[in-house]
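Chemist: Sequence plus predicted model, see below.
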Amino acid sequence: MIKRRKISSNLSSSLIFQFSLVDFESMSGVFFSFFEENGDVEPLLKYARRRFPFLTRGFDEPAPFDSGKKYKYFAKSAADCKLLFSRLDSALAECSTEINRQRLLKNLYRYFDGIRPELLRIAPDILSATGGDCESIRQIMIFTTGFCNLSCPYCFSYKMPAMEMKLSDFESVLKWAKQNRIERVSFCGGEPTMHSRFDDMLGLCRQYGMNTYFASNFTRDCSHFRNFSGKLIDMIFVHLTPQTLEKPELMRIMHENIALAKKKKINLILRTNVSDASPEVDSWLKLCTETGLKELSVALAIPADEGKNRFIAPDTFQNYASMLKSLIIKAESQKIGIIFAKPLPLCIFDEETANSLLSKGNFPRCNLDEHNCTNNLSVKPDLSLNPCLGLTSHSLQFNENLSWNEVESFCLGEVKSLLSKPLFERCADCFLYDRKLCQGACLSYKIER
């Protein structure tokens, strides 16, 4: 390690540039000095997360690093983790004062939540001194209708009963949600815009101070909705289906709806499910270019209730790795961002690709673990509650007197054991699984059917 030196908080561009050329092993002293001095560390964050992807928090809370464990999968990442903590020990020992030492630890805690367990083990008082994370917004997913104008065999609602939620029931759920500090509603289906009172439901969201987002195939005219506005609708995921791509009339309606949504200042992301080995990748990217939408959300089709839909089984995930890697490369060349809508096992990729996904923050994970596993809380038209749209084996019946503690207890009981359940036997020998940067796949794969 090079000799530590005092670094001005006014970082020079030439010194920052060195970090892209010189390995961490020779620059670690300088690296930690930036965080110790309370300077402008923003230029270093991109470097750090690219060099050490595990600095980013993954699914659930990461476990403290076991430096003695041997890994068959992502062994280089494990070696990098060992290197980082070794250099950190040296940096802490060389701090000139206890104040500097605490400042270094607090700044690392602030910027790199993936190593917080180790930092807390070094200095248990950091959490109280630094403060916990700001709580993200609570949300609820409401299945308002089982009707759809399309019939995609891979859809998780493929066999959902063709029924609507009553408008009065919808308002009861919103009233309860408001009382429990829920601020955002996601419409689910079926096709949400097919509900006979969809516009009234949007109006109720406005009345109760809720914003909303939802996925839609966007092949039904939305111009008559009075409440179709970016002031109310945060995001629409425009679902690209094979049926849409094959039918000019559906494509025309979709393009008109996209133009309307832009005019109304509604954010849009193109969304697609992969259900066969030869998806229409070039058509997706072409649509991104044509519509000016620079993000594409992708997922392998997950199993629905009783596995009635056409989903992709875990033992065939590897068959899609080359296609997904090709998609990432093509998208990057066209400056299109790829978002993974559902978790994937990172071991289907080579280590370089997996680390690249992690470092860019678009790695395949979900946020079901937030708010004590209530973040994906869903309500069906019959008012049964589930922890997530993919976890429907057991339900809690909604009523207006239901307490949030009851909901949390139910969701934790349904989800917590699945979080630590490995998808494959090889998970036991994987560094990324140990760090909870990889959950394997959507938890719908882990339930018994």
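Modeler: Good, I have the coordinates. All of these numbers come straight from a predicted model, not from anything done at the bench. Numbering: from 1, shown residues only.

Chemist: now the helices for the stretch 201-350 of the chain?
Modeler: Taking DSSP state H, counting those that start in this stretch as the test, the helices found in the stretch 201-350 of the chain are 242-246, 248-263, 281-291, 321-333.

Chemist: just checking, what packs against the first one?
Modeler: Using 3 or more C-beta pairs under 8 Å, 6 or more residues apart in numbering; DSSP states H and E as the contact criterion, the elements in contact with helix 242-246 are helix 248-263. (Glycine included, C-beta is placed from N, CA and C.)

Chemist: buried residues in the helix it packs on?
Modeler: Going by neighbour count (16 or more other C-beta atoms under 10 Å), the buried part of helix 248-263 is 250, 253, 254, 257, 258, 260, 261.

Chemist: Residue 74 and residue 84, how far apart?
Modeler: 15 Å (C-beta to C-beta, to the nearest Å).

Chemist: More neighbours: which of these two?
Modeler: residue 74 (27 against 22; other C-beta atoms under 10 Å).

Chemist: Hmm, the more buried one is touching residue 432, no?
Modeler: Yes. Counting by C-beta atoms under 8 Å, residue 74 does reach residue 432; the two are 5.1 Å apart.

Chemist: pLDDT and distance to residue 302 for the buried residues of helix 248-263 - can I get that in TSV?
Modeler: Supplementary listing: the buried residues of helix 248-263 in TSV, determined by pLDDT from 0 to 100; distance: C-beta to C-beta, whole Å:
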residue	pLDDT	distance to residue 302
250	97	24
253	97	27
254	97	24
257	98	26
258	98	26
260	98	30
261	98	26
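
Chemist: Just the residues contacting stretch 167-178, thanks.
Modeler: Applying C-beta atoms under 8 Å, 6 or more residues apart in numbering, the set of residues contacting stretch 167-178 from outside is 140, 142, 144, 185, 197, 200-201, 204-205, 208-210, 379, 381, 383, 398, 400, 402.

Chemist: next one: stretch 368-376
Modeler: Outside stretch 368-376, the residues that touch it by C-beta under 8 Å, 6+ apart are 59-60, 135-136, 138-139, 141, 366-367, 387-389, 407-408, 411-412, 414-416, 419, 443.

Chemist: So the most centrally placed residue in the chain versus residue 376, what's the distance?
Modeler: Centroid check for the chain by C-alpha atoms, centre = their mean gives residue 366 as the closest residue, at 4.1 Å. Distance of residue 366 to residue 376, computed by C-beta to C-beta: 7 Å.

Chemist: Also residue 163?
Modeler: Counting by C-beta to C-beta, the gap from residue 163 to residue 376 is 22 Å.

Chemist: Between these two, tell me which one has more neighbours.
Modeler: Remark: of residue 163 and residue 376, residue 376 carries more neighbours, 24 against 14, as counted by other C-beta under 10 Å.

Chemist: coming back round to it: tell me which of the helices of the stretch 201-350 of the chain approaches residue 273 most closely.
Modeler: Smallest distance to residue 273 across the helices of the stretch 201-350 of the chain (C-beta to C-beta): 9.6 Å, for helix 242-246.

Chemist: I'd like the average pLDDT over that closest one.
Modeler: Across helix 242-246, pLDDT averages out at 92.

Chemist: I'd like the numbering to begin with 188 instead of 1 from here.
Modeler: All set: I'll call the first residue 188, so the last point we hit is now helix 429-433.

Chemist: Tell me the buried residues in that helix?
Modeler: Here helix 429-433 shows 429, 431, 432 as buried, counting by 16+ other C-beta under 10 Å.

Chemist: Might one say that the second one is in contact with residue 441?
Modeler: Yes. Under the criterion of C-beta under 8 Å, residue 431 makes contact with residue 441 at 6.1 Å.

Chemist: got any residues that touch both of these two?
Modeler: Taking C-beta under 8 Å, 6+ apart as the criterion, residue 431 and residue 441 both touch 404, 406.
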